[in-house]
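Visitor: Turn this into a structure:
(chains A and B)
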2 protein chains.
Amino acid sequence: MKIHRPTLIIDEKKAKKNIAFMANKAKKSNVLFRPHFKTHQSATVAQWFREIGVTQIAVSSLAMAHYFYKHGWNDIHIAFPYNLLEHEELNELAKHIKLRVSIESQQALTHLKSHIKNPIQYMIKIDVGYGRTGINASNWASILSLADQENSICQFSGLMAHAGHTYDAHGLFEIENVHKKSLQKLEILIDRFVEPPFVSYGDTPSCSVSENFNFISEFRCGNFVYYDLNQVEIGSCIVDQIAVAMACPIVAEHYDRNEVVIYGGAVHFSKDFIMTPYKHFGQIVSFTQNGWEILDGVYLKKISQEHGIIHLPKNFDKNQFSLSNIIGVLPVHSCLTADLMIGQQTLNGLPIYKMIRI
Amino acid sequence: MKIHRPTLIIDEKKAKKNIAFMANKAKKSNVLFRPHFKTHQSATVAQWFREIGVTQIAVSSLAMAHYFYKHGWNDIHIAFPYNLLEHEELNELAKHIKLRVSIESQQALTHLKSHIKNPIQYMIKIDVGYGRTGINASNWASILSLADQENSICQFSGLMAHAGHTYDAHGLFEIENVHKKSLQKLEILIDRFVEPPFVSYGDTPSCSVSENFNFISEFRCGNFVYYDLNQVEIGSCIVDQIAVAMACPIVAEHYDRNEVVIYGGAVHFSKDFIMTPYKHFGQIVSFTQNGWEILDGVYLKKISQEHGIIHLPKNFDKNQFSLSNIIGVLPVHSCLTADLMIGQQTLNGLPIYKMIRI
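Guide: You can find the predicted model right below:
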């Protein structure tokens, strides 16, 4: 592996397995598959989805929609509240592709209808308990009213929800519990419609774990393509499903305090951490012929801008942790880590191209 | 202000005042000024330093050294442990400019001496208590030995230290205390040298607060150019000295729970937070004719990838927090925030160009 500086390594086989798993889960559940591309933000990885028949995607910004449009994607949902200030660029993009936006207020819908001249679809964002965005699912009067305001340009295409509070869950039971309660809220709402609306749904924990998707029409999850330590902690996956590891050179040995320092810090990983078994920013792995292996008890203990401090257990092997060796770090939050890294490649050294956020 | 998406706004006057303050502090203390450019990473802001006579700089990676070399800087210290794997690029850069690297082991120095063919300077990194990188200041035998190994290519140019543990301080007294103890360790070490070596030093808290720099030869601090909430909490500056604010559009109103949602999340701010008065990711300001004003009790409460949730106090003014308004966020950690943002401009709308990390 010819690595000189922090480089995000994608295990293509694992990522493709994760993609196939979720595509099959959707199929089995009789649900459409519209993966969220905010995690990888990559035209290369997008191609892996296309290979198994994916044509519809979700993104988290207009800039990301533009990027994927330029790479041949023409059915895109911007799963982020309609930003009134970007209406011109949005209108321009709607000229070229099938575009879906997220609406959660009368004011936003009125603005959309008066500023967009090219056909566009809108979904109503429902808050099923996460408390970030969306209209409370119990506020059915507002929701029905928004659904009933389509015209020839702005077409109502259904409800969308994100049970992001599954990220506070620990273990399958808690994930299922949050998921179940979210579905119950949606179900009561849907009963108010004359005809059941299309429902887009999908946080990675729920979609990974549950088998119960009833009236859900579409999966919109994203993180599953790579997974990460946070998802392991939640219970969405096992550590072997994590498809990304940051390759980092060791730049200083501090064996006396059971530490080495790597070139790899907050500008590569961001600063999400987990607390088990104690606060850390990543699990260390060693690269092998075809992938990587967990190094038990070896953690990314502390990070500053470009430095990372690796904690080593007693009786570690100095050969493994000597100056200029490359070690791998499984990230706590792969979305943020992938967002930060332009330098990405597969285990075989093939480049992974991604968007540059403007 | 014509802003459509998260954009980092630099208050040029404040930044220039911060630069002048630190340049004067150095002058007054009879210390050379080699500012660290890792915070702004910007050719535009670099020019503001050049205007007051700065010609020597520090950076935190070889890639950053390349960037500033391309923008006309020719005396650069890479204040990060010599990465053996990048020796070819380092050797290439040393052809063109006066380059200084950081060494903290015999193995690294031996490697440097056998792989670099163009004149280069090396500094020995001393750990004065921070515990990240460097040789413990009490290990004077190793340090003296490394200092005594220069040849015609690799020239010893002094000691360097970073009292990064001032970042754990709260208030002037604690900063001064850490600083004083760090200097004491260095002083004992320096006494072992026949001739007192050149000493490069400089975390932002110590350089901002202390007046005592004795035998220090050079300031190498960086964050002071923008400062941030973390520095306010430490006691390095007051909030009025913070020279950056992220301009973010409001994309959802949730007045019922005293919140609005902004376009602005972890991919714009990174995830450092502070705990006073309670956990938050940024202080909200409103932009005025010539700058911004603090909005008391308004905080960035929670962030996900692109969303930020703003906490509003009781009796807030709805006009100030209505859909599509732009509000400002003073960042917790300006180095990470500036690193993330390609979209930067001054209050007057002039572009701030910065490097793109590869």
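Visitor: Find the nearest non-adjacent residue to the most centrally placed residue in chain A, please.
Guide: In chain A, the centroid-proximal residue (CA atoms, centre = their mean) is A:N223; its distance is 3.1 Å. The shortest distance from A:N223 to any non-neighbouring residue, by CB to CB, 6 or more residues apart in numbering or on different chains, is to A:T204 (4.1 Å). Yep, even glycine has a C-beta here, placed from its N, CA and C like the rest.
Visitor: wait, that neighbour sits on A:Y226?
Guide: No. Using CB atoms under 8 Å, A:T204 is not in contact with A:Y226, being 10.0 Å away.
Visitor: hang on, the earlier thing: list the contacts for the residue nearest to the centre of chain A?
Guide: A:36, A:39, A:204, A:231, A:334-335 (CB atoms under 8 Å, 6 or more residues apart in numbering or on different chains).
Visitor: quick check, nearest of these to B:I126?
Guide: Closest to B:I126 out of the contacts of A:N223 is A:S334 (36.7 Å), distances taken as CB to CB.
Visitor: At which residues are the strands of the stretch 51-200 of chain A located?
Guide: A:57-59, A:75-81, A:98-103, A:120-127, A:135-136, A:154-161, A:199-201 (DSSP state E, counting those that start in this stretch).
Visitor: Near chain B, which residues of the stretch 251-358 of chain A are found?
Guide: A:251-254, A:257, A:261, A:263, A:266-267, A:270-272, A:302, A:304-307, A:309, A:323-324, A:335-336, A:339-340, A:342-343, A:356-358 (CB under 8 Å from any CB of the partner chain).
Visitor: Can you pull the poorly scored residue ranges out of chain A?
Guide: Low-confidence segments of chain A (pLDDT under 70): A:1.
Visitor: For it, identify the residue most remote from the centre.
Guide: Computed with CA atoms, centre = their mean, the residue of chain A farthest from its C-alpha average is A:D256, at 39.1 Å.
Visitor: So that residue: helix, strand or coil?
Guide: The three-state assignment at A:D256 reads helix, by DSSP: H, G, I helix; E, B strand; the rest coil.
Visitor: What separation do you get for A:P277 and A:E233?
Guide: Distance from A:P277 to A:E233, counting by CB to CB, to the nearest Å: 11 Å.
Visitor: So which of the two has more stuff around it?
Guide: A:E233 (17 against 8; other CB atoms under 10 Å in any protein chain shown).
Visitor: A:F273 is in contact with the more buried one, correct?
Guide: No. Look at A:E233 against A:F273 with CB under 8 Å: they stay out of range, at 10.8 Å.
Visitor: Wondering if stretch A:163-176 reaches chain B at all.
Guide: Yes. Stretch A:163-176 reaches chain B (CB under 8 Å from any CB) through A:G164.
Visitor: ends of that stretch, how far apart?
Guide: Chord length of stretch A:163-176, first to last residue, is 11 Å (CA to CA, to the nearest Å).
Visitor: So which bits of that stretch are buried?
Guide: Buried residues in stretch A:163-176, defined by neighbour count with 16 or more other CB atoms under 10 Å in any protein chain shown: A:163-167, A:169, A:174-176.
Visitor: and the two most separated of the residues you listed?
Guide: Greatest spacing in the buried residues of stretch A:163-176, by CB to CB: A:G164 and A:E176 (15.7 Å).
Visitor: For A:V209, which non-adjacent residue is closest in space?
Guide: Sequence neighbours aside, A:I175 is the residue nearest to A:V209 in space, at 4.8 Å (criterion: CB to CB, 6+ apart).
Visitor: List the residues that contact that neighbour.
Guide: Going by CB under 8 Å, 6+ apart, A:I175 touches A:166, A:169, A:205-206, A:209-210, A:234-236.
Visitor: circling back: buried subset of the residues of the stretch 251-358 of chain A next to chain B as a PyMOL selection?
Guide: Once 16+ other CB under 10 Å is used to decide burial, the buried members of those can be selected in PyMOL as follows:
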select buried, chain A and resi 251+252+253+254+261+263+266+267+270+271+272+302+304+305+306+307+309+323+324+335+336+339+340+343+357
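Visitor: Which positions in the stretch 101-250 of chain A make contact with chain B?
Guide: A:104-105, A:107-108, A:111, A:131-133, A:164, A:249.
Visitor: Any of these buried? List them.
Guide: Buried among these (16+ other CB under 10 Å): A:104-105, A:108, A:111, A:132-133, A:164, A:249.
Visitor: could the residues you listed go into a markdown table alongside distance to A:H96?
Guide: Output for those, formatted as a markdown table (distance: CB to CB, whole Å):
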| residue | distance to A:H96 |
| --- | --- |
| A:E104 | 25 |
| A:S105 | 27 |
| A:A108 | 23 |
| A:H111 | 21 |
| A:R132 | 30 |
| A:T133 | 27 |
| A:G164 | 31 |
| A:P249 | 43 |
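Visitor: Among the residues you listed, which lie within helices?
Guide: Members of these lying in helices (criterion: DSSP state H): A:108, A:111.
Visitor: In chain A, where's the longest helix?
Guide: helix A:172-190.
Visitor: buried set for it?
Guide: Neighbour-count burial for helix A:172-190 [16+ other CB under 10 Å]: A:174-176, A:178-179, A:182-183, A:185-186, A:189-190.
Visitor: any idea which of those residues is closest to A:I294?
Guide: Closest to A:I294, out of all of the buried residues of helix A:172-190 and judged by CB to CB, is A:I175, at 23.3 Å.
Visitor: thinking in terms of the whole chain, how far from its middle is the longest helix of chain A?
Guide: Between the centre of helix A:172-190 and the centre of its chain there are 20 Å (CA atoms, centre = their mean, to the nearest Å).
Visitor: Repeat that for stretch A:224-231.
Guide: That offset, for stretch A:224-231, works out to 8 Å (CA atoms, centre = their mean).
Visitor: which other residues reach stretch A:143-154?
Guide: A:103, A:106, A:109, A:112-113, A:116-122, A:124, A:126, A:135, A:137, A:156, A:159, A:189, A:192-193, A:197.
Visitor: residue boundaries of the helices in chain A?
Guide: Using DSSP H, helices in chain A cover A:12-28, A:43-51, A:62-70, A:87-96, A:106-115, A:140-147, A:172-190, A:204-209, A:229-234, A:266-269, A:334-340.
Visitor: Could you tell me the angle between the direction of the longest one and that of strand A:120-127?
Guide: Spelled out, that is helix A:172-190. Helix A:172-190 and strand A:120-127 are oriented at 120 degrees to each other (axes from the mean of the first three to the mean of the last three CA atoms, to 10 degrees).
Visitor: What of the fifth one?
Guide: Interaxial angle, helix A:106-115 versus strand A:120-127 (the same axes, to 10 degrees): 170 degrees.
Visitor: A:S29: what's it in contact with?
Guide: A:211, A:213, A:216.
Visitor: for the first one, phi and psi?
Guide: Going back to what we said before, that points to A:E211. Main-chain torsions, A:E211, degrees, to the nearest 10: phi -120, psi 0.
Visitor: Distance of it relative to A:K25?
Guide: Applying CB to CB, the value for A:E211 to A:K25 is 8 Å.
Visitor: quick one, which of those two is more surrounded?
Guide: A:K25 (20 against 8).
Visitor: I'd like the distance between A:A338 and B:K318.
Guide: 38 Å.
Visitor: So those two - more neighbours on which side?
Guide: The neighbour comparison of A:A338 against B:K318 (other CB under 10 Å) goes to A:A338, with 27 against 10.
Visitor: For the more buried one, which residues are in contact?
Guide: Counting by CB under 8 Å, 6+ apart, the residues that A:A338 touches are A:8, A:39-42, A:226, A:244, A:344, A:354.
Visitor: next one: A:M22
Guide: Applying CB under 8 Å, 6+ apart, the residues contacting A:M22 are A:33, A:35, A:207-208, A:219, A:221, A:224.
Visitor: how about a cut-off of 10 Å?
Guide: When contacts are counted by CB atoms under 10 Å, 6 or more residues apart in numbering or on different chains, A:M22 touches A:33, A:35, A:49, A:202, A:204, A:207-208, A:219, A:221-222, A:224-225.
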